[in-house]
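*Asks:* Sharing a model prediction with you, sequence too.
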Amino acid sequence: MAIIEVKNVTKRFNDKLVLDNVSYEVEQGEIFGFIGPNGAGKSTLINIMTSLLTPDSGTIKICGYDILKEPIKAKECIGYVPQDLALMEEMNAYDNLEFFGALYGLKGKVLKERISEALKVTGLEDSRKQKVKKFSGGMKRRLNLAVAILHHPKVLILDEPTVGVDPQSRNHIFSFVKNICKEWGTTVIYTSHYMEEIEELCKRVFIIDLGKEISYGDREDIKASVFPNNKVIIEAQDITGETIMALKDDEGIIKIGDKENSISLTINSKFKLANTLSLLEKNEVNIKKISYEEPKLEDVFLSLTGKTLRD
């Protein structure tokens, strides 16, 4: 079931077309990757989804509520973690949560329970009385997450949630995102310039550039559509020209690249590793290591847009 429906959204700033007829759906409980280089239109679309901007045309429904017709209902479903930290540095962590929880309409026992819960799931229980200005960058990011989940949103939008964080906080954020989807059924929209994060967290992705959809769907299907063939890297000794010529007869091998003490095989679905190993054994090749190399989302993105994520 789609919890977010974006249909034909267009937005201009003066004569500049920032979003060009963008459409996608996000399923309930999934972690959905939203990626594009700088200036692609990501922030504009997020601002429209959170009712900070109005589209020129098109519709967006969140939890079944049209953001133009029922903006309050739609926003009640959303937790938003902006790229720029939104915290009060002179207050401690608990007081920050108490303040933002009151803005959500929480009070009394419920507010206290939600604060305790948010501190626990973000690993900040022991720092509840520490002033935010003394927090590390990673701790501030985790407190921003805690603020965003106080009201138990059905949709959590994370805009670059790991920028400037230490490895420990980064791993904690990853665990938090996975757990909140699994245990709470929360739907997460995750934007990042770190492609390995999208690879780890998101099964489906939407790639945008210059305000247009570049690719959308299952991550592995997108990779396969751009790079249908994978590679096998064999590190070995005693590789001869005769061995290379023999490998070329294998219909599962499309291309062979050879370097000193290694060969790289570009393969298709007909490739059988056992046949290759048998051939290498007959040619008395001493194999040291075999590795399988799948295309990376970073390579796919570069191929589709001609840019790196931070261009």
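*Replies:* Yep, that arrived. Residues are numbered from 1 along each chain as shown.

*Asks:* tally of neighbours for V188?
*Replies:* Close neighbours of V188, defined as other CB atoms under 10 Å, add up to 24. Bear in mind the C-beta positions are built from the backbone N, C-alpha and C, glycine included.

*Asks:* So for this structure, the centremost residue is which one?
*Replies:* Of all residues in the chain, the one closest to the mean position by CA atoms, centre = their mean is I198, 3.1 Å from it.

*Asks:* Contact partners for the nearest residue to that residue once chain neighbours are set aside?
*Replies:* The spatially closest residue to I198, leaving aside those adjacent along the chain, is G33, at 4.2 Å (CB to CB, 6 or more residues apart in numbering). Neighbouring residues of G33 by CB atoms under 8 Å, 6 or more residues apart in numbering: Y190, T191, S192, I198, L201, C202, R204, V205, F206, R219.

*Asks:* So G33 versus V6, what's the distance?
*Replies:* 15 Å (CB to CB, to the nearest Å).

*Asks:* Which positions in stretch 131-150 come out as buried?
*Replies:* 132, 135, 138-150 (16 or more other CB atoms under 10 Å).

*Asks:* next one: the helix or strand harbouring the residue nearest to the centre of the chain to chain centre, how far?
*Replies:* Using DSSP states H and E, the element containing I198 is helix 195-201. Offset of helix 195-201 from its chain centre (CA atoms, centre = their mean, to the nearest Å): 5 Å.

*Asks:* So in that sheet, which strands flank the helix or strand following that helix, and in what orientation?
*Replies:* From helix 195-201 onward toward the C-terminus, using DSSP H and E, the following helix or strand is strand 204-209. Here strand 204-209 is paired, per DSSP bridges, with strand 31-35 (parallel), strand 212-218 (antiparallel).

*Asks:* distance between strand 204-209 and the chain's centre?
*Replies:* Per CA atoms, centre = their mean, the centroid offset for strand 204-209 relative to its chain is 10 Å.

*Asks:* ok, residues contacting that strand?
*Replies:* Outside strand 204-209, the residues touching it (CB under 8 Å, 6+ apart) are 22, 24, 27, 30, 32-37, 40-42, 45, 198, 213-219, 222, 297, 301, 304-305, 307.

*Asks:* Using PyMOL, make a named selection holding only the buried ones among the residues you listed.
*Replies:* For the buried members of the contacts of strand 204-209, the matching PyMOL selection, counting by 16+ other CB under 10 Å, is:
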select buried, resi 22+24+30+32+33+34+35+36+37+40+41+42+45+198+214+215+219+222+297+301+305+307
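
*Asks:* Give me the angle between the lowest-mean-pLDDT helix or strand in the chain and strand 204-209.
*Replies:* None of the helices or strands of the chain scores lower by mean pLDDT, DSSP states H and E than helix 297-305, at a mean of 83. Going by axes from the mean of the first three to the mean of the last three CA atoms, to 10 degrees, helix 297-305 is angled at 40 degrees with respect to strand 204-209.

*Asks:* shift numbering so it begins at 290
*Replies:* Got it, first residue is 290 now, which makes that one helix 586-594.
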